[in-house]
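Peer 1: Sequence below, structure please.
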Amino acid sequence: MLDVTRVEIKYDIGLSEMADMKRRLAIFMESDPHNGEKGYLVRSLYFDTLQDSDFEQKVQGYDNRQKIRLRTYSADAQTAKLEVKEKEGAFQRKRSLILDREESARMANGDYRFLMRRGEPLAHFLYPFMSSRCYRPKCVVEYDRYACISEHNDTRITFDQNLRASESNYDIFDKNLVLYPVSPPERVTMEVKYTGFLMTYLKNELNHCDKIQSSNSKYCRARVVSKRGRR
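Peer 2: From the prediction side, this is the model:
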């Protein structure tokens, strides 16, 4: 079971800024081995209560909140990660479990009973938590990610673009999943993640980027069908 706590800061940037930052960061950081030539796919199924409590807490700007998702990086993958992210002020705690395809399918169908047969403490926490609060699958979110990594303070800087989603099909292993576009292709979310503090040489490089700090949530942005018309 993975359990990490770190700082995560999001910025909204354009394509030219992304290209410049990739060039600058390549001097100091390594390319994530999963990147390939253009990055890699991220696909997540988000869960929320019947009243969309996690959505509402994010929109209303609560300092302490959580989100639960099932994440994979390929429709051909044999496993997925069940993740709980808890925000406490500036810090994000992430705990995760590895599920097989059968367990993932049960999650997508709203059946969490198998978690009680797992030995991990997180599984034993999630079953009563999700069941008592009536968590249900709500939205699949997909995007393209390019990541830069550094061993110094476990730093990751990621560039996410082409955000798309589905609120009707919850199968994260569906190779023909139909998705609607959420963000324009020219906009990029840059996320800076680290433990402890951000190294000065990386701060200096980030200062060259024309960026706007953002608290946007991919999950909230992706709920454009069910939340249409909401301001």
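Peer 1: Distance of Leu41 relative to Gln57?
Peer 2: 28 Å (CB to CB, to the nearest Å). Placement of C-beta: from N, CA and C, glycine included.
Peer 1: again, but for Leu82
Peer 2: 20 Å.
Peer 1: okay, these two: which has more neighbours?
Peer 2: Leu82 (24 against 16; other CB atoms under 10 Å).
Peer 1: Mind pulling up the pLDDT for that one?
Peer 2: Turning to Leu82, the model gives it a pLDDT of 98.
Peer 1: Skip the chain neighbours and tell me the closest residue to it.
Peer 2: Leu97 (4.7 Å; CB to CB, 6 or more residues apart in numbering).
Peer 1: Burial check on that neighbour, number of neighbours?
Peer 2: 19.
Peer 1: Roughly how far does it sit from Val7?
Peer 2: For Leu97, the distance to Val7 - CB to CB - is 23 Å.
Peer 1: need the strands for this protein, in chain order.
Peer 2: 2-14, 30-31, 40-48, 64-72, 79-88, 91-100, 136-150, 155-166, 180-181, 187-194, 212-214 (DSSP state E).
Peer 1: Out of the ones you listed, the one nearest Gly110 is which?
Peer 2: strand 136-150 (5.4 Å; CB to CB).
Peer 1: Centre of the chain to that closest one, how far?
Peer 2: 5 Å (CA atoms, centre = their mean, to the nearest Å).
Peer 1: lowest-confidence helix or strand of the chain?
Peer 2: strand 212-214 (a mean of 91; mean pLDDT, DSSP states H and E).
Peer 1: Pro181 contacts Ser166, doesn't it?
Peer 2: No - counting by CB atoms under 8 Å, Pro181 does not reach Ser166; the two are 11.3 Å apart.
Peer 1: If you count surrounding residues, which of these two has more?
Peer 2: Higher neighbour count among Pro181 and Ser166: Ser166, with 21 against 11, using other CB under 10 Å.
Peer 1: Just grab the bridge partners of the more buried one for me.
Peer 2: On DSSP bridges, the residues paired with Ser166 through beta bridges are Val140.
Peer 1: Could I get the strands of the chain in a markdown table, plus columns for distance to Glu205?
Peer 2: A markdown table is the format used below for the strands of the chain (distance: least, CB to CB, whole Å):
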| stretch | distance to Glu205 |
| --- | --- |
| strand 2-14 | 13 |
| strand 30-31 | 15 |
| strand 40-48 | 23 |
| strand 64-72 | 28 |
| strand 79-88 | 26 |
| strand 91-100 | 22 |
| strand 136-150 | 10 |
| strand 155-166 | 9 |
| strand 180-181 | 31 |
| strand 187-194 | 11 |
| strand 212-214 | 16 |
